[in-house]
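Asks: mind folding the following:
(chains A and B)
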Amino acid sequence: MDYYGYVGKVLCVDLTSGKIETQQLDENVIKDFLGGWGINYRLEYDLLKPGTDPLSPDNPIIIGAGPLCGTLALGSGKVAATMKLPIRASKHEEKYIVATAVGGSNQFGIMMKNAGYDHIVITGRAKKPSYLKIVDDDIEICDAGDLWGKRDIYETSDELADRHRGKTGKAGTWVIGKAGENLLMASLGFVDGLHTMGRWGGAAVLGSKNLKAVVTLGTKGVKVADPKRFMALVDRKRKQIMSHPEFGLPPSESFFETFNLCGIPLGKSPYPGDLFGKTMYASWGCPSCLGPCKTALKIKEGRFAGTTLKTIPVVIYEAEKVGKLRLPHYGEAVKLVDLMHRYGMCMFTGVRMLHFVTRLFERGVISAQDTGGLELRTGDIDSYIRLLEKWVDREGIGDYMAQGWFAISERVGVDAATDFEDGVPIVRGSEVQHDIRWGNYGPGWMLPQVVRPKPGGVHQRASLSAGEDIQQSLSEVRRDLVEKTGLPEEETDRMFTANEFNYGMVLKHSEDAEAVFTSLGTCAGGGPDDPGRDMPGLSEIYSAVTGFSATPKELRSKGERIRNMEALLNVREGIMGEDYEPPALWLEHTEKPIRVATGDLYATDWFGRRITKDEIYKWMRDYYTERGWDINNRIPTREKLRELGLEEFVCIVEPYLA
Amino acid sequence: MEKTNIEVDPKKCTQCHCCQLRCSLAFTGDFNPEKARIIIDPPDSIVFTDECLVGCSLCVRYCSYGAILRIKKPGGS
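Replies: Modelled structure (predicted):
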């Protein structure tokens, strides 16, 4: 059949045998799982054998670009990579989560679709360092000997984007760095040298396959079912966004400081107030985006003058404040994050583990004997850089850091997961993305990181409302939830009271909506007011692009199916029950304060009211009840799977249900 | 080709590809940046292919960042 929006094809590449083949995408799979990460999960179910070692050739990497990717739908550059991640999810048992990394892209997603593929499945292990070239029907496993171990993330991205450039622009790239080559759990992949995809060891899975990069370029075109109607919808949305008072404003310091710190008085930053005005020289976004969130910064003064950094600027504050590295000059924070990026590693893990090891040294828990002679000091950029090098090269203590939080905790004899002062909240072996202790993110940020297999992402919060960052009124939060998910307002009555809302109940619906957005390929942002998060609008766009109709309610139901599929894949790997316990440090924080200049901070909700352990567990129970899942095992029930048309997978949960 | 009705500032380009996507839709019926009549290479250059139509300024309408602008005629609007 003729597809619109979709190409209808999956490219399968076996790096071991060199076999390359194209498969048709089943129409029912397309309709049931939407695209991108949704279809990725359905493909993963068939392709991943339970119990597979994540770093073995048998662990498939599945890349997906949704039906809106490659069109003018606002903020539609999202791509998704699904795989079994190599971070051990339990201290006591050898088991691992299956998750999807989602990243923005400039060329990669568009060119993947234009080359003729909705999905790319990569299995096996190449005999030598290689990269996968996909230029229309010219698919080749190419020698990466000149790149592996020799070029950093930016150099590799630029080289491959130019080497395979097309008639009107560069090729798309997904690249790993030295951290991925050396199988670090903190490794991270970079898309088009700017966006990130493949955290929590995702890049190490590429490294284990001797795969340095995937390159895409295509000339086949993405067809839309009803171009006239589609462009009318796009133009209407563009007009709406471009008339917004915040349209066209660059990412400002105040915005990102608000985002990161949520008004909590952790002390005034030593960095200049006009940091971004001083350093920003370009602003970049994804295709069809009207609110670019990436910036390019250039340090103009001090020891690291000339250093550039392409990123979301919030990371500078992460290094300085939340990560507590206390680097006195902003140029040092930029330099450190830039180095991590060049190595292809996650700066969130990077900053937090550097802090943990450094503080243990200062506390006398470890000595220079343990660090290979390194004298570690908080705020000392040189000792951070030297420790980072040991980490990436897996030298001495760095080898334990490379293996993740469980390994370094065992090596130093202090459990990072319970060390209140200098440790990190850990779920399923990984540190959480947002530590609510340092930003008053509140339960709306806490719960998604606890109940999802992957411990949170930048954009996931319970209500889908920016209000959870900047303390909007409750009615505004509710309005956001209704408008973005398309839920009828009366359905939200039971979730909201006059003074608060039920984070657990709300989260179920925002997760389902997020699954839709990301599967279709739209960003959590895309412009002022998150135009990519608009279920009623997307329902119309989806129909105009694909020719399939789906109401907002039907789309949410598909999102729920996708979320249940994610759970099933993880139940099959033994991830359930206690694996979804809240991090010990967050529970402790309900009773133990963090001391800051202005007083003691406890875990609070977003109104500033202290929360209790009992409330956290209650919200979790409410979440599982709202999902229609088994509360004890925290897994889908037979009834829910049947309701969602997933009867064939009931056998996965059957052994654990009463 | 030289466009007499358009000026460009590639440093302002955010790589949103809206110009190429809209251009390719107009001339091929699909979203196909490689068939667009505009070549973007930010921050260094934005140029037009020889197939680009004199007088067309569809790309200007879809550039939201001032990287592609219609040249204002002296005294005109």
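
Asks: where do the helices sit along chain B?
Replies: For chain B, helices defined by DSSP state H occupy the ranges B:18-28, B:58-62.

Asks: packed most tightly, which of those would that be?
Replies: The highest average neighbour count among these, using mean count of other CB atoms under 10 Å in any protein chain shown, belongs to helix B:18-28 at a mean of 22. From N, CA and C alone the C-beta is placed, and that goes for glycine too.

Asks: residues in contact with residue 27?
Replies: The chain I'm using is chain A. Neighbouring residues of residue A:27 by CB atoms under 8 Å, 6 or more residues apart in numbering or on different chains: residue A:1.

Asks: oops, I was thinking of chain B
Replies: With contacts defined as CB under 8 Å, 6+ apart, residue B:27 is in contact with B:35-37, B:51.

Asks: just the buried members of those residues?
Replies: Among the contacts of residue B:27, those buried by neighbour count (16 or more other CB atoms under 10 Å in any protein chain shown) are B:35-37.

Asks: where does residue 5 land on pLDDT?
Replies: You didn't say which chain, so I picked chain A. Looking at residue A:5, its pLDDT is 98.

Asks: try again with chain B
Replies: For residue B:5, pLDDT reads 89.

Asks: I figured it was touching residue B:72, is that so?
Replies: No. Under the criterion of CB atoms under 8 Å, residue B:5 makes no contact with residue B:72, lying 10.0 Å away.

Asks: neighbour count winner among those two?
Replies: residue B:5 (14 against 10; other CB atoms under 10 Å in any protein chain shown).

Asks: roughly how far apart are that one and chain A?
Replies: Distance, residue B:5 to chain A, by CB to the nearest CB, to the nearest Å: 20 Å.

Asks: so which residue of chain B comes closest to chain A?
Replies: Closest approach between chain B and chain A, counting by CB to the nearest CB: residue B:30, at 3.0 Å.

Asks: dead centre of chain B: give me the residue that sits there.
Replies: residue B:59 (3.9 Å; CA atoms, centre = their mean).

Asks: for residue A:631, which non-adjacent residue is closest in space?
Replies: residue A:624 (4.7 Å; CB to CB, 6 or more residues apart in numbering or on different chains).

Asks: give me the lowest-pLDDT entry from the contacts of residue B:27.
Replies: Scoring these by pLDDT puts residue B:51 last, at 92.

Asks: let me know whether it touches residue B:37 as I believe.
Replies: Yes. Here residue B:51 lies in contact with residue B:37, judged by CB under 8 Å, at a distance of 5.0 Å.

Asks: and the stretch 51-200 of chain A, which of its residues are near chain B?
Replies: For the stretch 51-200 of chain A, the contact set with chain B under CB under 8 Å from any CB of the partner chain comprises A:70-72, A:106, A:110, A:114, A:166-170.

Asks: kindly report the same for chain A.
Replies: Counting by CB under 8 Å from any CB, chain A sits next to chain B at A:70-72, A:106, A:110, A:114, A:166-170, A:217-224, A:227, A:231, A:238, A:242, A:248, A:282-290, A:292.

Asks: in strands, which of these appear?
Replies: Among the residues of chain A next to chain B, DSSP state E puts A:217, A:282-284 in strands.

Asks: in chain B, where is pLDDT below threshold?
Replies: B:73-77 (pLDDT under 70).

Asks: that one: strands as residue ranges?
Replies: B:6-8, B:38-41, B:45-48, B:68-70.

Asks: the stretch 1-150 of chain A now?
Replies: For the stretch 1-150 of chain A, the strands defined by DSSP state E, counting those that start in this stretch cover A:9-14, A:20-24, A:61-65, A:79-88, A:96-103, A:119-123, A:130-135, A:138-143.

Asks: low pLDDT regions in the stretch 1-150 of chain A?
Replies: For the stretch 1-150 of chain A (pLDDT under 70), the answer is none.

Asks: and the residue of it closest to chain B?
Replies: For the stretch 1-150 of chain A, CB to the nearest CB, closest residue to chain B: residue A:106, 4.6 Å.

Asks: contacts only, for that residue.
Replies: Shown in contact with residue A:106 (CB under 8 Å, 6+ apart): A:77, A:172, A:191-192, A:194-195, A:284, A:286-287, B:15, B:17.
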